[in-house]
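return atomic coordinates for the entry below.
(3 chains)
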Amino acid sequence: MTINAASFRELRLDRLSRDFGTHNALKDVSLTIGKGEFIALLGPSGCGKSTTLNLIAGLLPATGGGIWLDDKRIDPLRPEERGFGMVFQNYALFPHMSVNKNIGFGLKMRGVSKAEIDKRVAEAAALVRLQGQTEKLPGQLSGGQQQRVAIARAIVVEPPLVLMDEPLSNLDAKLRLEMRAEIRRIHNTLGATTIYVTHDQEEALSLADRIVVLRDGQVRQVGTPEDLFMRPDHLDVAEFMGFRNKVKGKVASVGDGKATVTVGDAQISGRARNAVSAGAEGYLAIRPEDLHPVASGQPGLKAQVVSTEFRGREFVGFARMADGTDLSFLAHDKLSPGEAVTLAADPDRVLVYGAVA
Amino acid sequence: MSTDVSSIPLKQRLAAKGLDGLTLLVVPAILFLLALFIYPFLYGLVLSFEPKQGGMFANYQRFFSDRFLYGTIATTLWLALPVTVATLLLAIPIAFRVRLMKNQRLLTTILVIPITLGTVLVAEGLLNYLGPQGWFNRVLMTFGIISSPVKLLHNYWGVMLSLVITGFPFTFLLTLSYLSGIDPALENAGATLGAGPWERFKHILFPLLLPGLAITFCLSFVQAFSVFPSAVLLGAPSGPTRVISIAAYQAAFEEYDYSMASAVAMIMGVVQLAIVVVVLAARGLLYRGPAGGGKG
Amino acid sequence: MVKDTRLSTKLWAAANWTLIGFFIVNLFAMIATVVTSSFSTRWLGTWLPAGWTTRWYSAAWAEFQLYDVLLVTFQIVFLVVALSGLIGVPAAYALARRDFPGKKLVMLLFLLPLLVPPITFGIPLATVLYQTGFAGQMSGVVLANLVPTVPFVILVMIPFIEQIDTKIESAARVFGANTFKLFVHVLLPLLMPGILAALLLVLVRTLAMFELTFLTAGPTSQTLVVALYYAVFAAGVRAVQSIDAMAVIYMVTTLIWLIIALRFVNPTQIVARAKK
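The predicted structure is shown next:
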């Protein structure tokens, strides 16, 4: 009773929960995924992203909520009845089977004829560019080739949904870039709906149509890569997306999507994001690459340089403010430790958040 | 130290090959085993060709012409092979079951008890337990399964049962450790590709377990083949359970013919080796790589 | 691992548990028979004995000279444990840390005594020990028992030593420790849990080792298990209860050490074999 790929319009997670004993790995996660979408589940380790994937795959039973494929509830189904494709973190290739047999395994389980299996395996191997390697055992392949086998094995059954669990985490940096492009190319070719789990925001930004940021088992924000990169809803999402400087101050004024925050004796303006109210505490979030030293009379964050590191075109600086807040920034010139510095950023690139719980 | 400055001192050259003071720590153990394992074996081999009377091969000729002696090989095989197969058939499904348990320690501890009690105590216990007045027969009779006590002592079955009891835990624990070596992600991968429980067993777990089972078979067989105390205490040591180790023991300690005893021990070793070689050769045809799912 | 809730799966699980239960019930019933018998005044043709007594223990103690047997047993076991540690641990250390020509052959030499059953190599070994005059006394029994225990210690210790980072030893050397100081201050404390585990396992195995002791022991160098064998073998000469009392004494001795050993080691280690 495999799910018919043609009938599927959307996958819906409805208040999906999973606890391990008293620990809630996932709390009331609701999400709708359209056909053909490439969704990234992004978050630090322990945020529940792999749990979500295992629940969708059926490898873990849910303890609350449901999973729906259109109007059919699939969470009571066993994994072998769901008919999804999955790429595992360590590939999980069957070590005793040749590449051909690995790729053809899902078709064999579906009772496809031998001739048809051979044909489709050859097509899948060609799609992932593995021609000529198909008689080898997985142990004889390089990491990147094993990865390709794992992808071919998952997509050859033409699943309505492809699940990928940190598939690139075991590859070196160069191969990771190459495989990232490869995964995107295969997705564009086949148009299969893909759910991709990663802790690497760069990977998520470059691959996904939409990103779901998870934290402590809950959805923090869902949006396009541009949304998340430019307009994170919460301070913790902003930090995770690279707004690494977090400066506490008092909100002086709010209006017209903008806010001004008093830090020490300086007034810093930025775009108001969430729960900002005048007179209350507020936080500035700024990416290091947007924060630069300015002339000492100008408005900005006053700090003392701790160190600078040469990074090719410019210097990365580390500084500490009087209240102990650490800042990192970019500078064109080398600064000496102990030197007083004023740091400022374009108000359009500064985000302001209200006090966090 | 060498005085020749142009060449690297011998000590350093040896050290580069891994031979230095530290390596010498292994020497006492090697000497010990050469003296008390290898030498006795070779001594026994030579001794077996120096019979009390007759030519060089007289012991072997005597063994293979006397049904009372050569028959012990068949008797022992007839015990050891079924016992090994039975313990494996018991151990495999139970190991698969136990693998799913979170806390395996209590069960494995219980299963270790027969090993540590040893063959003698198990034999003594079974003499009481399986006897015509023992609890085993009483229970069966109370439930009306049998009408008169089953004879399980001083015959083939007594020895068989005691070998299963002492052999099963070992076979089980070994199977379990091989099974735990298989990456659970492989089974998950099979499931997401549409394989049900039986297909996952048939196509993934069993082929990966098979090489380990071959080793388990060899070790269990060799233990069962050298059965001694239970064959004497629970079996019929002059009849149906006159196993080869009894023949060797009698030659050595009842006839004081050490030459003959060594010959029997050598034959025992050769038969064990032959079975092990056959099984391992068959194993050579199987996939034997790591049972992991990839790098990592 | 995939959870399954189908009926066929549940039935299969139930069948497996029945099998496990059947095995354990019979095992414990067998042990219980021995214990019950040892406390019975008379037990013939009934479910339970006619009456209870402890006199068989004193009888067994006197009849089988159990004081002497226990003394000999513990002397032998202590010597075997100490010597297999002294010979085995340094060898395991060398094998874990060095790669040298012929290492595979050496490993095979240490594997064989564990693979070949004791009765097979025991007969030629006993022959040699009788010719050299060791057999029949305690030294012969100790030597014979060391043949499987030395390799056992080596094979249990090698993986344990391998998982200790060599950088720790390098660090100690850099900070000025000579070999002796390195051993006493760094290695011994790190290795102690492993040595303890290995030696406890040797202890349990030697207590239960029948064949080698049987083949090499004389009347004054029998261990408990061999004395028990002779008692059972000559059954009929003495009361069954008295033999059972001795079996219980043996069982309690082994189980006490087993329980101590299991506090430190995983049960599967007792049957530990080196994997290829």
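
just checking, A:Asp236 touches A:Arg220?
Yes: with contact defined as CB atoms under 8 Å, A:Asp236 and A:Arg220 form a contacting pair (6.9 Å). All C-beta spots, glycine's among them, are computed from the backbone N, C-alpha and C.

residues near B:Ala16, how many?
For B:Ala16, the count of nearby residues is 10 (other CB atoms under 10 Å in any protein chain shown).

now do C:Ile164
The burial count for C:Ile164: 17, using other CB under 10 Å.

next one: A:Phe315
A:Phe315: 18 neighbours (other CB under 10 Å).

wait, it sits on A:Ser328?
No: contact between A:Phe315 and A:Ser328 fails when scored by CB under 8 Å: they sit 10.8 Å apart.

quick one, domains of the chain?
You didn't pick a chain, so chain A it is. Recorded structural domains for chain A (assignment: automatic domain parsing) are A:5-235, A:243-354.

let's do chain C instead
What automatic domain parsing lists as the domains of chain C is C:1-53, C:61-271.

ok, back up a step: now for the domains of chain A, which one comes closest to B:Phe253?
Closest to B:Phe253 of the domains of chain A is domain A:5-235 (CB to CB; 49.3 Å).

do that closest one and chain B meet?
Yes: residues of domain A:5-235 contacting chain B under CB under 8 Å from any CB of the partner chain: A:57-59, A:78-80, A:82-86, A:88-96, A:105-106, A:109-110, A:137-139, A:143, A:146, A:150, A:153-154, A:157, A:163, A:170.

how far does that domain sit from the chain's center?
13 Å (CA atoms, centre = their mean, to the nearest Å).

ok, that domain near chain C or not?
Yes: with CB under 8 Å from any CB as the measure, domain A:5-235 is seen reaching chain C through A:58-59, A:61, A:78-79.

using PyMOL, define a selection of the buried residues within those residues.
Burial among these is assessed by 16 or more other CB atoms under 10 Å in any protein chain shown; the matching PyMOL selection reads:
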select buried, chain A and resi 58+59+78+79
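
can you put the residues of domain A:5-235 next to chain C in TSV and add secondary structure?
Formatted as TSV, the residues of domain A:5-235 next to chain C follow (DSSP: H, G, I helix; E, B strand; the rest coil):
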residue	secondary structure
A:Gly58	coil
A:Leu59	coil
A:Pro61	coil
A:Arg78	coil
A:Pro79	helix
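
all helices for the stretch 201-350 of chain A, in order.
For the stretch 201-350 of chain A, the helices defined by DSSP state H, counting those that start in this stretch cover A:201-207, A:225-230, A:235-240.

helices or strands up against the first one?
Spelled out, it's helix A:201-207. When contacts are defined as 3 or more CB pairs under 8 Å, 6 or more residues apart in numbering or on different chains; DSSP states H and E, helix A:201-207 packs onto strand A:38-42, helix A:173-190, strand A:193-198, helix A:225-230.

hmm, back to that, any idea which of the domains of chain A is most buried?
domain A:5-235 (a mean of 19; mean count of other CB atoms under 10 Å in any protein chain shown).

quick one: contacts for the residue lying closest to A:Ala295 once chain neighbours are set aside?
Distance criterion CB to CB, 6 or more residues apart in numbering or on different chains; nearest residue to A:Ala295, sequence neighbours excluded, is A:Thr342 at 7.3 Å. Contacts of A:Thr342 were listed using CB atoms under 8 Å, 6 or more residues apart in numbering or on different chains, and they are A:293-296, A:298, A:300-303.

do stretch C:144-163 and chain B meet at all?
Yes: Stretch C:144-163 is in contact with chain B by CB under 8 Å from any CB, via C:144, C:146-147, C:150-151, C:154.

for the spatially most central residue of chain A, give me its contacts.
Taking CA atoms, centre = their mean, the centroid of chain A lies closest to A:Leu42, which sits 2.9 Å from it. Contacts for A:Leu42 (CB under 8 Å, 6+ apart) come out as A:49, A:198-199, A:201, A:204, A:211-214, A:240.

cutoff 7 Å now
A:198, A:201, A:204, A:211-213 (CB atoms under 7 Å, 6 or more residues apart in numbering or on different chains).

repeat for B:Met160
Taking CB under 7 Å, 6+ apart as the test, what B:Met160 contacts is B:79, B:82-83.

quick one: contacts of stretch A:310-324?
In contact with stretch A:310-324 (CB under 7 Å, 6+ apart) are residues A:264, A:288, A:301-309, A:326-335, A:341, A:343.

and the closest residue to A:Arg184 other than its chain neighbours, how far from C:Leu190?
In space, and not counting its chain neighbours, A:Arg184 is closest to A:Leu207: 5.7 Å by CB to CB, 6+ apart. The gap separating A:Leu207 from C:Leu190 is 46 Å, by CB to CB, to the nearest Å.

also C:Trp257?
To C:Leu190, C:Trp257 is 25 Å away according to CB to CB.

neighbour count winner among those two?
Each of C:Trp257 and C:Leu190 has its neighbours counted (other CB under 10 Å); C:Trp257 has more, 19 against 15.

how about the helix or strand in which that one is found: buried residues?
Using DSSP states H and E, C:Trp257 falls within helix C:240-264. By neighbour count on 16+ other CB under 10 Å, the buried set for helix C:240-264 is C:240-251, C:253-254, C:257-258, C:261-262.

C:Phe183 is nearest to which of the domains of chain A?
The nearest among these, by CB to CB, is domain A:5-235 at 39.2 Å.

what mean pLDDT does that closest one get?
Mean pLDDT, domain A:5-235: 90.

for stretch B:204-213, same thing?
Average pLDDT, stretch B:204-213: 92.

that one close to chain C?
No: contact of stretch B:204-213 with chain C (CB under 7 Å from any CB of the partner chain) is absent, the minimum separation being 8.7 Å.

the residue nearest to B:Thr87 when sequence neighbours are not counted: how many residues sit nearby?
Closest residue to B:Thr87 apart from its sequence neighbours, by CB to CB, 6+ apart: B:Thr171 at 4.3 Å. For B:Thr171, the count of nearby residues is 30 (other CB under 10 Å).

check which helix or strand B:Thr171 maps to.
Element membership for B:Thr171 (DSSP H and E) is helix B:156-180.

list the contacts of the nearest residue to A:Ser328 once chain neighbours are set aside.
Nearest residue to A:Ser328, sequence neighbours excluded (CB to CB, 6+ apart): A:Pro288, at 4.2 Å. For A:Pro288, the contact set (CB under 7 Å, 6+ apart) comprises A:244-245, A:316, A:328-330.

kindly report the same for A:His187.
So A:His187 contacts A:38, A:194 (CB under 7 Å, 6+ apart).

distance of it from B:Ala251?
From A:His187 to B:Ala251 the distance is 76 Å (CB to CB).

what do you get for C:Glu169?
52 Å.

residues contacting B:Ala251?
Shown in contact with B:Ala251 (CB under 7 Å, 6+ apart): B:257, B:260-261, B:264.

rerun at 10 Å
By CB atoms under 10 Å, 6 or more residues apart in numbering or on different chains, the contact list for B:Ala251 reads B:59, B:63, B:69, B:257-265, C:123.
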